[in-house]
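>>> the following block contains a protein sequence and its predicted model.
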Amino acid sequence: MDSIVLTGASGFIAKHILLKLLGAGHRVRATIRTPERADEVRAAVLPHLSADAGERLEFVTLDLERDEGWRDALQGTTALVHTASPFPIAQPKNPDDVIRPAVDGTLRALGAACDAGVHRVVLTSSVVAVVNEAKDFPQDESDWCNPDLPTTTPYARSKTLAERAAWDCVAKTPQMQLTTINPGFVFGPILDDAFGSSVAFVKRVLRGKDPMLPDYALPLVDVRDVALMHLRALERPETAGKRYIAADEPVAMYEVGRILKAVYPERRIPTRAAPWLVVRLLALFDPEVRSILPKIGKVERLSNARARSEMDVNFIPAAEAVKATAASLIDRKLA
């Protein structure tokens, strides 16, 4: 039975990864930033598992920005799954607020793994580290975001520089085996009331906060497929040294509204694409809108062929991921 360290265990993706790891029989040492989050994670995950799963789960409190405890946390384990990284909808005024924790935290986690003799690492990156705005679509794992372009957001820089740092780190340490999973915009069912920016977008749409939605299509993925890919990466040594895009078809934001309106016709859900001039005006007042302004009218189409062929992933359709997100929010009376 493998013993795996999972960082950022209170995150939306991480909870689903934890569900997969425990369901597959692994022991997991889950890292959280504050001890109070342990009960939250247990309550979200353990009801979906067999009675013995809780015996294979332990927690350790660690901070991405502090060295204390990292090496001890990795001792006696066989693999590291590093998911912890900040993900804001609105881009920060100071880019280093999101870039430094992502890069330094990744290097801190990988360095601790190396020091503890843990050589297998799976890193949660993002498709924003793949998309090269200077190239045509479709794109695949051979592509990289250019962090120096003026249109590259601080979040995209953070994920790109963190993943680059991870690959540079393992290049200097031949015994390290790294796989990165690069998800698109992550939807799917929530396990509790704590969730991230992607689910918050569906909540916003369900509540009809906006009269129209932007015409910007980006790759969507169900969180259950993302979690499965992390598990498959650990189970298949041949995935080491590779990146894997986790994404189904791209869906425009206004199309998300249309998908949900068909299911919930009684709700005031926006279905119209906002004209560019309207989006430009909204961007003056709304930092969330401002962050996507350069992408209006674009369709980011990425190839998931590698994940399909090498990990045997049959991706849940993007529309079904959207519906599952909404259904879980409504079931928990959050939207």
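Alright, I've got the coordinates.
>>> would you check that Ser10 makes contact with Ile32?
Yes. Using Cβ atoms under 8 Å, Ser10 is in contact with Ile32, at 5.4 Å. Backbone N, C-alpha and C define where each C-beta goes, glycine included.
>>> which neighbours do these two have in common?
Common neighbours of Ser10 and Ile32 (criterion: Cβ atoms under 8 Å, 6 or more residues apart in numbering): Val41.
>>> just the CA atoms of the helix or strand of the chain with the lowest mean pLDDT, as CSV, please.
Least confident element among the helices and strands of the chain, by mean pLDDT, DSSP states H and E: helix 287-290 (a mean of 72). C-alpha atoms of helix 287-290 as CSV (Å, rounded to 0.1, in the frame of the first residue of the first chain):
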residue,chain,number,x,y,z
PRO,A,287,-11.9,43.3,-12.1
GLU,A,288,-13.3,39.8,-12.9
VAL,A,289,-14.5,41.0,-16.3
ARG,A,290,-11.3,43.0,-16.8
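>>> counting by contacts, list what it packs against.
Applying 3 or more Cβ pairs under 8 Å, 6 or more residues apart in numbering; DSSP states H and E, one finds that helix 287-290 makes contact with helix 276-283.
>>> now the helix it packs on: buried residues?
For helix 276-283, the neighbour count (16 or more other Cβ atoms under 10 Å) marks Val279, Leu282, Ala283 as buried.
>>> quick revisit: show me the contact partners of the very next helix or strand once past the least confident helix or strand of the chain.
Sequence-wise, the next helix or strand downstream of helix 287-290 (DSSP states H and E) is helix 305-311. The contact list for helix 305-311 (Cβ under 8 Å, 6+ apart) reads 140-141, 228-229, 232-233, 236, 238-239, 242, 244-246, 313-315.
>>> is it possible to get CSV of the buried residues of helix 276-283 that adds distance to Val128 and pLDDT?
Output for these, formatted as CSV (distance: Cβ to Cβ, whole Å; pLDDT from 0 to 100):
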residue, distance to Val128, pLDDT
Val279, 20, 79
Leu282, 22, 77
Ala283, 19, 77
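>>> tell me the one of these nearest Gln175?
Distances from Gln175 to the buried residues of helix 276-283, taken as Cβ to Cβ, are shortest for Ala283 (47.7 Å).
>>> nearest spatial neighbour of the closest one, skipping sequence neighbours?
Ranked by Cβ to Cβ, 6 or more residues apart in numbering and with sequence neighbours excluded, the top spatial neighbour of Ala283 is Arg290, at 4.1 Å.
>>> what about the one you found, neighbour count?
Per other Cβ atoms under 10 Å, the neighbour tally for Arg290 reads 17.
>>> Ala307 versus that one, what's the distance?
32 Å (Cβ to Cβ, to the nearest Å).
>>> hmm, back to that, could you export the buried residues of helix 276-283 as CSV, including distance to Val28?
CSV is the format used below for those (distance: Cβ to Cβ, whole Å):
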residue, distance to Val28
Val279, 43
Leu282, 43
Ala283, 42
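>>> just the CA coordinates for the longest helix anywhere in the chain, please, in CSV.
As assigned by DSSP state H, the longest helix anywhere in the chain is helix 96-115. Presented in CSV, the C-alpha positions along helix 96-115 are these (Å, rounded to 0.1, in the frame of the first residue of the first chain):
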residue,chain,number,x,y,z
ASP,A,96,3.9,38.6,-7.0
ASP,A,97,0.9,38.0,-4.6
VAL,A,98,0.0,35.0,-6.8
ILE,A,99,3.3,34.3,-8.6
ARG,A,100,5.6,33.9,-5.6
PRO,A,101,3.5,31.5,-3.5
ALA,A,102,3.0,29.3,-6.6
VAL,A,103,6.6,29.2,-7.7
ASP,A,104,8.2,29.1,-4.2
GLY,A,105,5.6,26.6,-2.9
THR,A,106,6.3,24.2,-5.8
LEU,A,107,10.0,24.3,-5.3
ARG,A,108,9.6,24.0,-1.6
ALA,A,109,7.4,20.9,-2.0
LEU,A,110,9.7,19.3,-4.6
GLY,A,111,12.8,20.0,-2.6
ALA,A,112,11.3,18.4,0.5
ALA,A,113,10.4,15.4,-1.5
CYS,A,114,13.9,15.0,-2.9
ASP,A,115,15.4,15.4,0.5
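>>> next secondary structure element downstream of it?
strand 120-124.
>>> that next one to helix 96-115, inter-axis angle?
170 degrees (axes from the mean of the first three to the mean of the last three Cα atoms, to 10 degrees).
>>> packing partners for strand 120-124?
Using 3+ Cβ pairs under 8 Å, 6+ apart, strand 120-124 is in contact with strand 79-82, helix 96-115, helix 154-171, strand 177-183, helix 223-235.
>>> and the first one, which strands flank it?
Okay, so that is strand 79-82. strand 3-6 (parallel), strand 120-124 (parallel) (DSSP bridges).
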